[in-house]
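Q: Next comes the sequence, and after it the predicted model I'd like to discuss.
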Amino acid sequence: MRIVKLTRESRGSILENLLKRSPNRYGEYEGRVNDIIENVRSKRDEAVFSYTKQFDGADINAGNIRVTEDEIADAYKKADPSLIEVIRKSLVNIRRYHEKQRQYSWFDSEESGIILGQKVTPLQTVGVYVPGGKAVYPSSVLMNIVPAKVAGVKNIIMATPPDKNGNVNPSTLVAAKEAGADAVYKAGGAQAVAAMAFGTQSIPKVDKIVGPGNIYVALAKKAVFGHVSIDSVAGPSEILVLADETADPKYVAADLLSQAEHDEMASAILITTSEPLAEAVSEKAAAFTAELSRREIIQKSLDNYGYILVAETLEEAVEAANEIASEHLEIMTANPFEVMTKIRNAGAIFIGPYSSEPLGDYFAGPNHVLPTNGTAKFFSALGVDDFIKKSSIISYSREALKPVYQDIVQFAECEQLTAHANSIRIRFEDRD
């Protein structure tokens, strides 16, 4: 991995390079995605079946697009029993964590006759997209379904592309069943997003679409936003490790590569105050890469978006980390909890040498659907809040309104909204 001295100039150059990975820069694909969306919107099932044959090689129709209970039962027979047990253990942690995020309706009343409050209502129908093909992500199934379930969403459907034989990966189906999906449909790509956004004869329209995917899925979610809600337009994965001379270079190197293997556009960055650590991590990363199965993807990721930055002070390192606002941030320093208090921008923060990023991906409980491409400056991890909506409650008696109605009239007339003023004034003019 390249080793660079951290300066204002190098930080700016790296940030500019990282932003090239943003889905907002995938303009060359937008035309194709928009064509798919419009075709699904007008031809509905017919278009979904056609695209599934074209892109996945599977013959899908109205009779087999929805996964049956027999197919789910068969998935349990095919899935590794030990993996099923791990899924169930992970589910306990994920559910327990998200249950602490629950919000409830509240009401405040005053003797004057004022009642104010907030009504919390879960979304009615949510669509979860899960990648398929060669990729198998049962962990993403759990992370997207569980918070919706905890929020009280009544209908959770899942869309995932089938293989050429029209089957869904067994571990994906098991995860969906364990997490509580109400229906699973064999559809992938931009066509699945469009089907959930607008509805077809077979796939119901949803209120919100969540879940990861490739460039086409990301751009399709961006395109249908407004017709439905979405979680985010996710970019490639990224990790940033803050470390000092106390860190173990083997741990740091291994953790950096855990994200580099996702994608050639993934980003892996170490910011350290120790030049010896920088050299050691670079050597360990090269040694690990040579042994790993996804070595070609890892190497391209490191060549394009991998950096080891050497800072003069820990304060400079923290400042750079806050500016980069990484999806995953690991802290391996002498006093990691103290450093954590200075972090403002990160999707998830992993503290200490035994809190490696994959712990969050699979098992600890916090959600692994996180903001990318610097959006951790203003976005949060997926959670229960993403599956509820809040309605304001306002109730005034005549006695409560009377002392303030002229203030409201003045405000309305200041904005030249005379009908607003009138709707308040008429409630008192005949009786006063």
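A: Sure, I can see it. Every value quoted in this text rests on a predicted model; they were computed, and no experiment measured them. Numbering: from 1, shown residues only.
Q: buried sites along the element among helices and strands of the chain having the smallest mean pLDDT?
A: Among the helices and strands of the chain, helix 8-19 carries the lowest confidence by mean pLDDT, DSSP states H and E, at a mean of 84. By neighbour count with 16 or more other Cβ atoms under 10 Å, helix 8-19 contains the buried residues 11, 14, 18. C-beta coordinates here come from the backbone N, C-alpha and C atoms, glycine included.
Q: residues in contact with that helix?
A: Helix 8-19 is contacted from outside by 4, 25, 238, 267, 269, 305, 307, 309, 320, 323-324, 373-374, using Cβ atoms under 8 Å, 6 or more residues apart in numbering.
Q: Can you add neighbour count and distance to residue 200 and give those back as CSV?
A: Below are the contacts of helix 8-19 laid out as CSV (neighbours: other Cβ atoms under 10 Å; distance: Cβ to Cβ, whole Å):
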residue, neighbour count, distance to residue 200
4, 15, 50
25, 11, 31
238, 30, 35
267, 30, 37
269, 24, 43
305, 22, 38
307, 23, 45
309, 24, 49
320, 22, 47
323, 15, 44
324, 25, 41
373, 24, 32
374, 20, 36
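Q: just those: which has the poorest pLDDT?
A: Least confident of the contacts of helix 8-19 in the model: residue 25, at 61.
Q: The most centrally placed residue in the chain in helix, strand or coil?
A: In the chain, the centroid-proximal residue (Cα atoms, centre = their mean) is residue 369; its distance is 3.4 Å. The assignment at residue 369 comes out as coil when based on DSSP: H, G, I helix; E, B strand; the rest coil.
Q: Please report how far it lies from residue 15.
A: Spatial separation of residue 369 from residue 15 under the definition Cβ to Cβ, to the nearest Å is 23 Å.
Q: so what's the closest residue in space to residue 356 that isn't next to it in sequence up against?
A: Counting by Cβ to Cβ, 6 or more residues apart in numbering, residue 255 is the residue found nearest to residue 356 once chain neighbours are left out, at 5.1 Å. Each residue near residue 255 by Cβ under 8 Å, 6+ apart is listed here: 239, 241, 330, 356, 357.
Q: which residues in the stretch 301-432 of the chain form strands?
A: Read by DSSP state E, counting those that start in this stretch, the stretch 301-432 of the chain holds these strands, from start to end of the chain: 306-310, 328-332, 348-351, 388-396.
Q: Please verify my assumption that the residue nearest to the centre of the chain contacts residue 379.
A: No - applying Cβ atoms under 8 Å as the test, residue 369 and residue 379 come out as separate, 10.5 Å apart.
Q: what do those two both touch?
A: Between them, residue 369 and residue 379 have residue 232 as joint contacts when contacts are counted by Cβ under 8 Å, 6+ apart.
Q: So residue 127 versus residue 100, what's the distance?
A: Here the distance between residue 127 and residue 100 works out to 25 Å (Cβ to Cβ).
Q: The two - which one has more neighbours?
A: Taking residue 127 and residue 100 together and counting by other Cβ atoms under 10 Å, residue 127 has the greater number of neighbours (28 against 10).
Q: ok, what's across the strand from the more buried one?
A: In this structure, residue 127 has beta-bridge partners residue 157, residue 209, where bridges are defined by DSSP bridges.
Q: For it, give me its contacts.
A: When contacts are counted by Cβ under 8 Å, 6+ apart, residue 127 touches 157, 158, 159, 196, 206, 208, 209, 210, 211, 228.
Q: Pipe those into TSV and attach distance to residue 218 and pLDDT per row.
A: TSV is the format used below for the contacts of residue 127 (distance: Cβ to Cβ, whole Å; pLDDT from 0 to 100):
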residue	distance to residue 218	pLDDT
157	20	98
158	18	98
159	15	98
196	15	98
206	17	98
208	16	98
209	11	98
210	12	97
211	11	94
228	15	97
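Q: And those residues, which two are furthest apart?
A: Between all members of these, the longest pairwise span (Cβ to Cβ) is found for 158 and 228 and amounts to 15.3 Å.
Q: of the two, who's got more company?
A: Each of residue 158 and residue 228 had its neighbours counted (other Cβ under 10 Å), and the higher figure belongs to residue 158 (28 against 19).
Q: can you pull the contacts of that one?
A: Contacts were defined as Cβ under 8 Å, 6+ apart; by that measure residue 158 touches 127, 128, 129, 130, 141, 145, 176, 181, 183, 184, 185.
Q: Okay, and which of these map to strands?
A: Judged by DSSP state E, strands contain the following of those: 127, 128, 129, 183, 184, 185.
Q: Now list the buried members of those.
A: Using 16+ other Cβ under 10 Å, the buried members of these are 127, 128, 129, 184, 185.
Q: Can you convert the residues you listed into TSV and add a column each for distance to residue 81 and pLDDT?
A: Formatted as TSV, those follow (distance: Cβ to Cβ, whole Å; pLDDT from 0 to 100):
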residue	distance to residue 81	pLDDT
127	30	98
128	25	98
129	28	97
184	21	98
185	27	98
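Q: can you count the residues close to residue 166?
A: As a burial measure, the neighbour count of residue 166 was computed by other Cβ under 10 Å and equals 17.
Q: scratch that, residue 399
A: Using other Cβ under 10 Å as the criterion, the residues surrounding residue 399 number 11.
Q: That one - nearest residue in space that isn't next to it in sequence?
A: Sequence neighbours aside, residue 113 is the residue nearest to residue 399 in space, at 5.1 Å (criterion: Cβ to Cβ, 6+ apart).
Q: Let me know whether the one you found touches residue 394 as I believe.
A: No - applying Cβ under 8 Å, one finds residue 113 not in contact with residue 394, separated by 12.0 Å.
Q: hang on, the earlier thing: who wins for most neighbours among the contacts of residue 255?
A: With neighbours defined as other Cβ under 10 Å, the most crowded of the contacts of residue 255 is residue 330; it has 29 neighbours.
Q: Now do the contacts for it.
A: Residues touching residue 330, when contacts are defined by Cβ under 8 Å, 6+ apart, comprise 239, 240, 241, 242, 243, 255, 349, 350, 355, 356, 357.
Q: Determine how far the last residue of stretch 156-175 lies from the first.
A: The first and final residues of stretch 156-175 sit 13 Å from each other (Cα to Cα, to the nearest Å).
Q: distance between that stretch and the chain's centre?
A: Relative to the mean C-alpha coordinate of its chain, stretch 156-175 is positioned 20 Å out (Cα atoms, centre = their mean, to the nearest Å).
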